[in-house]
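>>> Have a look at this fold, sequence not included:
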């Protein structure tokens with residue numbers, strides 16, 4: 001086997017591992033059958049002993065005929081899995097909302113005001129909410145009354161308790 005024909009073992013492991021979201025391996029969704037791993041070629045197994053080329057060709061054709069059905073079933077499973085994950089997330093998600101006059105901290109990473117490094121503060125402020133813009137965006141001002149140039153989304157703010 002030439003160097004260009006070898007598949008790195010990490011890719012092989014990824015392509016032949018069953019995925020929870022689809023219930024299939026990526027290899028089987030592409031080729032319509034399960035891969036024979038190199039270890040099975042070296043160690044005699046039932047699959048290798050019972051190999052018959054003529055029946056294998058018929059089986060491959062049958063698998064290719066069923067390939068679209070397998071892909072549709074995998075797509076349905078993946079959609080159900082995404083819905084399940086979304087339901088789990090939505091159950092624990094608590095949207096943040098602030099009123100005019102509330103004090104908040106701003107996420108330092110979101111503002112990128114200054115690179116404080118690894119040990120720097122994660123939050124900056126406090127700021128006062130002076131206006132509410134569309135889609136959970138807030139207009140802020142510093143404590144001294146100076147207005148902040150841009151609006152901040154609620155996901156980058158947290159309540160400041162005095």
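Perfect, thanks for sending it. Quantities reported herein were computed from a predicted structural model and do not represent experimental measurements.
>>> could you pull out the helices for the chain?
9-15, 26-31, 38-42, 46-49, 53-92, 108-111 (DSSP state H).
>>> helices or strands next to the fifth one in the packing?
Yep, that's helix 53-92 we're talking about. For helix 53-92, the elements it packs on are helix 26-31, judged by 3 or more CB pairs under 8 Å, 6 or more residues apart in numbering; DSSP states H and E. For every residue, glycine as well, the C-beta is placed using N, CA and C.
>>> So in this structure, where's the weakest helix or strand by average pLDDT?
Lowest on mean pLDDT, DSSP states H and E among the helices and strands of the chain sits helix 46-49, with a mean of 69.
>>> Run through the residues that contact the residue lying farthest from the centre of the chain.
Most distant residue from the mean C-alpha position of the chain: residue 54, 42.6 Å away (CA atoms, centre = their mean). With contacts defined as CB atoms under 8 Å, 6 or more residues apart in numbering, residue 54 has no neighbours.
>>> Look up how far residue 61 lies from it.
11 Å (CB to CB, to the nearest Å).
>>> ditto for residue 79
According to CB to CB, residue 79 stands 29 Å off from residue 61.
>>> Same question for residue 30.
16 Å.
>>> Mean confidence (pLDDT) on stretch 74-94, please.
On average, the pLDDT along stretch 74-94 is 91.
>>> Tell me who's in contact with the residue nearest to residue 99 when sequence neighbours are not counted.
Nearest non-adjacent residue to residue 99, counting by CB to CB, 6 or more residues apart in numbering: residue 129, 6.8 Å away. For residue 129, the contacting residues are 98, 99, 100, 101, 102, 103, 104, 138, 139, 140, by CB under 8 Å, 6+ apart.
>>> If any of those are buried, give me the ChimeraX selection for them.
Provided next is the ChimeraX selection string for whichever of the contacts of residue 129 are buried by 16 or more other CB atoms under 10 Å:
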select :98,103,104,138,139,140
